[in-house]
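# give me coordinates for this.
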Amino acid sequence: MKSNSKTGIIIISAFIVFCFMLTGCGEKKMGGPMPMPEVAVITIQTKPVITTTELPGRTSANLVAEVRPQVSGIIQKRLFTEGSDVKEGQPLFQIDPALYQVALDNAKAALARSEAQLSTIQLRETRLKDLLVEKAVSQQDYDDASAALKQVQADIQYGKASVETARINLQYTTITAPISGRIGRSNVTGGALVTAHQPVALATIQKIDPMYVDVTQSTADILKLRRQLQEGQLSRNGESQRQVRLLLDDNSEYPLQGKLQFQDVSVDPTSGSVVLRMAFPNPKGVLMPGMFVRTIVQEGIHKNAILVPQQAVSRDPKGNPQILIVDKDGKVQQKQLTLDRAIGNEWLISSGIEQGDQVIIEGISKVKPGIPVKVVPFENRGKNSGENTNAVPPAQTK
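Numbering: from 1, shown residues only. Coordinates of the predicted model:
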C-alpha cells in the first residue's frame, strides 16, 4: 500500500510540473515584440520675444552742490537740520556780519562825499565855460575845472561799485542753499573760522529725484547688438526700447521704471566698456547715491524666436548643447544646437532646429537616435518651463 501511494504522489507531482511547463511555453509563444517607448514632445513654433540684458552699475544724484563760503569769517550758527530736505535759497550758515556791515557803511559814506562835491564842481565848470567864451578866464583854468568834474564823476561810479560789492559781501555772510535737495552732515560747527572758496565743503546737497544710474556695457556686446540689428535678427521696440527695470542689492525689483538717457561717446581703455546712463524716479527716496544695482535693458525684439524648455537640452562629452527630436518617420534624431541665452526656464535657440520640429521633452532617457517612438503631446509646458515674461504682447507684434 505504501508503495502504491508513493507512486501516486510522484505521478501527480510530475503531472503538475508538466502543466506548468505547458503554461510557460504557451505564454512564451503568445508574447509579441516589445512596445515602442512613449515620449512627450512639443512642436516648435516661432514667436516674437523681447530680449534683455542685465548690466551692473551704481546710483548717483542728478545734481550735487558742495556748499562753500564766499567770504571769510567766524560761523555764528548752523541754520539747517542735517539729513533734511532744503530748498534753493534757504539759509544754511550765518557768518559774523559785523565787519562786512562796517565795510558797507564806509562805502556808502565815501559815495555820499563824492556826490556832495559833484554839484559844486559842476557849477564851477559851467561858469568857467561861459567866461572862456568871453575870454575872461584862461583855457587852463577851464581845463582844470573840467578835469575835476570828470574826476568826481568817476569817484561816484567807483563809490557805487564799492557799495554794491560791500552789499554783496554782506549778503554772503548768510550762506544759502544753491540747489534744492537733501543735505548731508555739516563739516563745521558754530565758532569755526572759514575762508572764502576754501577746499573743504561746509556741507553737500544732492538732488536725488530723479536718480541717475550709470552702468557699463562691453563694446563686444554693443557690436554684437548692432550686427543683429543690421542683419534683421533684432528690431527696435519703439519708445519702450528706452524703458529700463532696476534690481536692488537684495534682488528685489524697484517698483518704478526708468528711462535710458544716453550712451557715452568714448570707451574706457582700461575695461573696454561704455557707460550708459539711466534716470529713475525716486519720490520716496528709496534709491540713495552710491548704491550697487542691476539694470534690465531691452535690446530689441526677436520676431521669429525659437524657445525650448531647458529640460530638453543636454550636453555631449565636450559640453556642446544637443537635443532629441522625432522626425517625419517617427524616429528619434539628435541635433546640435547653438544657444543664444536663457530666458526664464527656456533657451533661446540661434540655430539647430526649425519651426515644426517635434522636440522630445519627457522620456529622453528611454530613447536613443534611430529608434521609433510613440509621440504624445507635452501638456505641462507652462508648469515646467515657467511663464515667459519676455513675450511680446499682441499689441506690440503688429
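# only C-alpha atoms from now on, for both contacts and neighbour counts.
Will do.
# which non-adjacent residue is nearest residue 167?
residue 104 (6.0 Å; Cα to Cα, 6 or more residues apart in numbering).
# quick one: that neighbour is in a helix?
Yes: judged by DSSP: H, G, I helix; E, B strand; the rest coil, residue 104 forms part of a helix.
# please give me every residue in contact with it.
Residues near residue 104 by Cα atoms under 8 Å, 6 or more residues apart in numbering: 163, 166, 167, 170.
# make CSV out of those and add neighbour count.
CSV is the format used below for the contacts of residue 104 (neighbours: other Cα atoms under 10 Å):
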residue, neighbour count
163, 21
166, 21
167, 18
170, 21
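# secondary structure, pLDDT and distance to residue 341 added to those residues, as CSV?
Output for the contacts of residue 104, formatted as CSV (DSSP: H, G, I helix; E, B strand; the rest coil; pLDDT from 0 to 100; distance: Cα to Cα, whole Å):
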residue, secondary structure, pLDDT, distance to residue 341
163, helix, 94, 71
166, helix, 94, 68
167, helix, 95, 67
170, helix, 95, 65
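# what's the closest of the residues you listed to residue 272?
Closest approach between those and residue 272, by Cα to Cα: residue 170, at 51.4 Å.
# and the strands in the stretch 101-250 of the chain?
Taking DSSP state E, counting those that start in this stretch as the criterion, the stretch 101-250 of the chain carries its strands at 174-176, 181-183, 193-194, 203-218, 243-247.
# from the chain's centroid, how far away is the last one?
In terms of Cα atoms, centre = their mean, to the nearest Å, the gap separating the centre of strand 243-247 from the centre of its chain is 6 Å.
# just the CA atoms of the following helix or strand past it, as PDB, please.
Per DSSP states H and E, strand 243-247 leads on to strand 258-263 as the next helix or strand towards the C-terminus. What follows is strand 258-263, C-alpha atoms only, in PDB (Å, rounded to 0.1, in the frame of the first residue of the first chain):
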ATOM      1  CA  GLY A 258      13.400 104.300 -15.600                       C
ATOM      2  CA  LYS A 259      14.500 105.600 -19.000                       C
ATOM      3  CA  LEU A 260      17.700 105.300 -20.900                       C
ATOM      4  CA  GLN A 261      19.200 108.800 -21.200                       C
ATOM      5  CA  PHE A 262      22.300 108.400 -23.300                       C
ATOM      6  CA  GLN A 263      25.300 106.200 -24.200                       C
END
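# list the contacts of strand 258-263.
Outside strand 258-263, the residues that touch it by Cα under 8 Å, 6+ apart are 242-246, 274-281.
# would you format those as CSV with distance to residue 253 included?
As requested, the contacts of strand 258-263 are exported to CSV (distance: Cα to Cα, whole Å):
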residue, distance to residue 253
242, 18
243, 14
244, 11
245, 8
246, 6
274, 24
275, 22
276, 20
277, 18
278, 16
279, 16
280, 13
281, 14
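# most widely separated two among these?
Taking Cα to Cα, no two of these sit farther apart than 274 and 281, at 23.3 Å.
# for the record, mean pLDDT for stretch 355-373?
Mean per-residue pLDDT for stretch 355-373: 87.
# so what's the gap between it and the chain middle?
Taking Cα atoms, centre = their mean, one finds stretch 355-373 lying 43 Å from the centre of the chain it belongs to.
# gap between the two ends of that stretch?
21 Å (Cα to Cα, to the nearest Å).
# so where does the nearest residue to residue 56 once chain neighbours are set aside fall, helix or strand?
Closest residue to residue 56 apart from its sequence neighbours, by Cα to Cα, 6+ apart: residue 294 at 4.3 Å. Per DSSP H and E, residue 294 falls inside strand 292-309.
# elements contacting that strand?
Contact here means 3 or more Cα pairs under 8 Å, 6 or more residues apart in numbering; DSSP states H and E; on that basis strand 292-309 packs against strand 47-67, strand 243-247, strand 346-351, helix 381-385.
# using a markdown table, lay out these together with distance to residue 371.
Rendered in a markdown table, the data for the helices and strands packed on strand 292-309 read as follows (distance: least, Cα to Cα, whole Å):
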| stretch | distance to residue 371 |
| --- | --- |
| strand 47-67 | 31 |
| strand 243-247 | 47 |
| strand 346-351 | 24 |
| helix 381-385 | 25 |
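# out of these, which is closest to residue 305?
Using Cα to Cα, those put strand 47-67 closest to residue 305, at 5.3 Å.
# mean confidence score for that closest one?
Mean predicted lDDT for strand 47-67 stands at 88.
# buried set for it?
Residues 47-52, 55-61, 63-67 are the ones in strand 47-67 that count as buried (16 or more other Cα atoms under 10 Å).
# ok, which of the helices and strands packed on strand 292-309 comes nearest residue 338?
Relative to residue 338, the nearest member of these by Cα to Cα is strand 346-351, separated by 5.1 Å.
# in the closest one, what's buried?
Across strand 346-351, burial judged by 16+ other Cα under 10 Å covers 346, 347, 348, 349, 350.
# what's the closest non-adjacent residue to the third one?
Excluding the flanking residues, the one nearest residue 348 by Cα to Cα, 6+ apart is residue 307, at 4.8 Å.
# who are the neighbours in contact with the one you found?
Taking Cα under 8 Å, 6+ apart as the contact definition, residue 307 lies against 44, 46, 346, 347, 348, 349.
# residue 367 too?
Contacts of residue 367 (Cα under 8 Å, 6+ apart): 37, 332, 373.
# repeat for residue 329
By Cα under 8 Å, 6+ apart, the residues touching residue 329 are residue 372.
# assign it to helix, strand or coil.
coil.
# list the buried residues of stretch 121-134.
The neighbour-count check on stretch 121-134 (16+ other Cα under 10 Å) flags 121, 122, 125, 128, 129, 132 as buried.
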